[in-house]
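*Asks:* Everything below, folded, please.
(chains A, B and C)
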Amino acid sequence: MCSHFYAFVLSLRFSPTMRPPPPLLPRIAASASATPPRRQRTVRPPMPPSPALLSSTPPPAAFVETPKPETTQQHPPTARRRLTLADEEWHPLPLSLAELSLPLTLPTGQTFLWRRTSLSPLRFTAAVGPHLVSLSHLPDDDRLAFLLHNDDPASSPSSSVAAARAALCDYLNAAVPLADLWVQFTAADARFAEVAARLGGGGARVLRQDPVECLFQFLCSSNNNIARIEKMVWTLAGYGERLGEVGGFVFHRFPTVERLARVSEQELREAGFGYRAKYVVGTAKELMAKPGGGAKWLALLRDRELLEVIEGLCTLPGVGPKVAACIALFSLDKNQAIPVDTHVWKVATQYMLPELAGKSLTPKLSIVVADAFVAKFGEYAGWAQNVLFIGQLPAKKLVATEVTSETAKPTKRKRATKMVEIQA
DNA sequence: CGGTAACCTGGGAT
DNA sequence: AATCCCAGGTTAC
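*Replies:* Numbering: from 1, shown residues only, chains lettered A, B, ... in the order given. Model prediction:
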């Protein structure tokens, strides 16, 4: 039954709507599942969430931390002495700790754009669309909250708090009830239960990123390490509009495809991209040739089937099955997509398909692995895979926290880092 | 169609 | 100190 879909994928390859196929070599949808997707979802994920989770509307008054309305001035006269959360105008989001753990979601390999701008309380900052936001948890509450701090107040009037909240709920995939999934996954697989327990309480959530942003990030990820990926992605972000400075980091809105298409390969090579420089430039130009400029073409993939999505993405230079699956899962609503990399391969041969141990990972075998995940975990298999992937990361690396230069006294040129174990 | 070797770079291990 | 190996892969033989 696997072969049906394999043939299906090959046929898709030559779909007239796609760019002319390269000479050969079926770079098939390695991470696609052969399981026919029932009821293809379009934009919104399945599993109707509780009304309270349906966002973009302000949360109940009980969750509002600051007594004053959001339209008041940003810094009350008495705010000099102690900057509490309230003084900074944090705005609550409808996500509990069980639904979203920041350290298990932001710095664990699905995005490379967030920066830790505070250690205690733990705080992360990044641009979400045009909004420069920090995320943290309110004290004495397990609710998440965000702080909006674009440079120019005029460009972010009070109304944009609502816009930022809506953008965040979308970005954080807030409508998908993660806690329910974990119950299901824990019952389905002992290995998942073990990893989930070790990670403590849940909250490893799959994001719903902007497809352009996601694509160019994972273009940088091939045969590479996290530190350098972050550096490269940060370089790309620098081509976008400046949004502001937080914690010593200057944040930019992620650049448009059009802007990226004007960057030269040599410029990127000098920035340390290596052979990926030509992937970035090539993909940007390839996208510009699409009707609507590429961003639209990518966005429309959200309405397509997983196999077709993988197939389409693989026409872009530098995008293979694994990177395509990452983009599908982390930005295109393809919750069944399973990025099969070395870590997932290890998990699969160790716990799920021991008969494959010792073999090398081929595109066909990664389909087998993806199928095994979907057979075990179902429609949201990609979310389970994400947790198992995190479980493969070195425990000490899960929350590697940078210490600021004033407290760290780095002995060498490189930044000192301090490892902080998660939970307790 | 499966196996293999380059491909840029930088950090850590030997 | 010189080399090797690896890092969430993709591409070309």
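
*Asks:* What does A:Arg115 show for phi and psi?
*Replies:* As for A:Arg115, its main-chain torsions (degrees, to the nearest 10) stand at phi -120, psi 140.

*Asks:* give me every residue that touches it.
*Replies:* A:124-126, A:246-247, A:249, A:251 (CB atoms under 8 Å, 6 or more residues apart in numbering). (Glycine included, C-beta is placed from N, CA and C.)

*Asks:* Among the residues you listed, pick out the one closest to DNA strand B, please.
*Replies:* Using CB to the nearest atom of the strand, A:Phe249 comes nearest to DNA strand B of the contacts of A:Arg115, at 18.7 Å.

*Asks:* Who's the closest spatial neighbour of that closest one, skipping the chain neighbours?
*Replies:* Nearest residue to A:Phe249 in three dimensions, chain neighbours excluded: A:Arg115, at 4.8 Å (CB to CB, 6 or more residues apart in numbering).

*Asks:* tell me which residues form a beta bridge with the one you found?
*Replies:* Beta-bridge partners recorded for A:Arg115 (DSSP bridges): A:Thr125.

*Asks:* So it versus A:Ala127, what's the distance?
*Replies:* In this view, A:Arg115 and A:Ala127 are 10 Å apart by CB to CB, to the nearest Å.

*Asks:* How about stretch A:352-370 and DNA strand B, any contact?
*Replies:* Yes: judged by CB under 7 Å from any atom of the strand, stretch A:352-370 comes into contact with DNA strand B at A:359-360, A:362-364.

*Asks:* Looking at these, which two lie furthest apart in space?
*Replies:* Distance extremes for the residues of stretch A:352-370 next to DNA strand B: the farthest pair is A:Lys359 and A:Pro363 at 12.8 Å, using CB to CB.

*Asks:* Which one of the two is surrounded by more residues?
*Replies:* Comparing A:Lys359 with A:Pro363 by other CB atoms under 10 Å, the one with more neighbours is A:Pro363, at 18 against 11.

*Asks:* My read is that that one contacts A:Ala324, right?
*Replies:* No: checked against CB atoms under 8 Å, the pair A:Pro363 and A:Ala324 is beyond contact range at 11.3 Å.

*Asks:* just to revisit the earlier point, TSV for the residues of stretch A:352-370 next to DNA strand B, including pLDDT?
*Replies:* Shown next, in TSV, are the residues of stretch A:352-370 next to DNA strand B (pLDDT from 0 to 100):
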residue	pLDDT
A:Lys359	86
A:Ser360	85
A:Thr362	88
A:Pro363	87
A:Lys364	89
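
*Asks:* Can you list which of those are found in helices?
*Replies:* A:363-364 (DSSP state H).

*Asks:* Return the residues of the stretch 301-424 of chain A in contact with DNA strand C.
*Replies:* Residues of the stretch 301-424 of chain A lying close to DNA strand C by CB under 7 Å from any atom of the strand are A:314, A:317-326, A:339, A:341-344, A:386, A:389.

*Asks:* Generate a ChimeraX selection restricted to the buried subset of the residues you listed.
*Replies:* Of those, the buried ones can be selected in ChimeraX as follows, counting by 16 or more other CB atoms under 10 Å:
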select /A:314,317,318,319,320,321,322,323,324,325,326,339,341,343,344,386,389
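
*Asks:* mind checking the end-to-end distance for stretch A:101-114?
*Replies:* 14 Å (CA to CA, to the nearest Å).

*Asks:* quick one on the thing from earlier: quick check: neighbours shared by A:Arg115 and A:Ala127?
*Replies:* With CB under 8 Å, 6+ apart, A:Arg115 and A:Ala127 have common neighbours A:Phe251.

*Asks:* With just CA atoms, put the helix or strand that A:Trp182 is a member of into PDB.
*Replies:* Assigned by DSSP states H and E, A:Trp182 falls within helix A:178-188. The C-alpha trace of helix A:178-188 is given here as PDB (Å, rounded to 0.1, in the frame of the first residue of the first chain):
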ATOM      1  CA  LEU A 178      -1.700  20.300  23.400                       C
ATOM      2  CA  ALA A 179      -2.600  18.700  26.800                       C
ATOM      3  CA  ASP A 180      -5.200  16.500  25.100                       C
ATOM      4  CA  LEU A 181      -2.600  15.400  22.500                       C
ATOM      5  CA  TRP A 182      -0.100  14.400  25.300                       C
ATOM      6  CA  VAL A 183      -2.700  12.300  27.000                       C
ATOM      7  CA  GLN A 184      -3.300  10.500  23.700                       C
ATOM      8  CA  PHE A 185       0.400  10.100  22.800                       C
ATOM      9  CA  THR A 186       1.300   8.900  26.300                       C
ATOM     10  CA  ALA A 187      -1.300   6.200  26.100                       C
ATOM     11  CA  ALA A 188      -0.100   5.300  22.600                       C
END
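
*Asks:* for it, packing partners?
*Replies:* Using 3 or more CB pairs under 8 Å, 6 or more residues apart in numbering; DSSP states H and E, the elements in contact with helix A:178-188 are helix A:190-199, helix A:363-377, helix A:381-392.

*Asks:* out of those helices, deepest packed?
*Replies:* helix A:381-392 (a mean of 23; mean count of other CB atoms under 10 Å).
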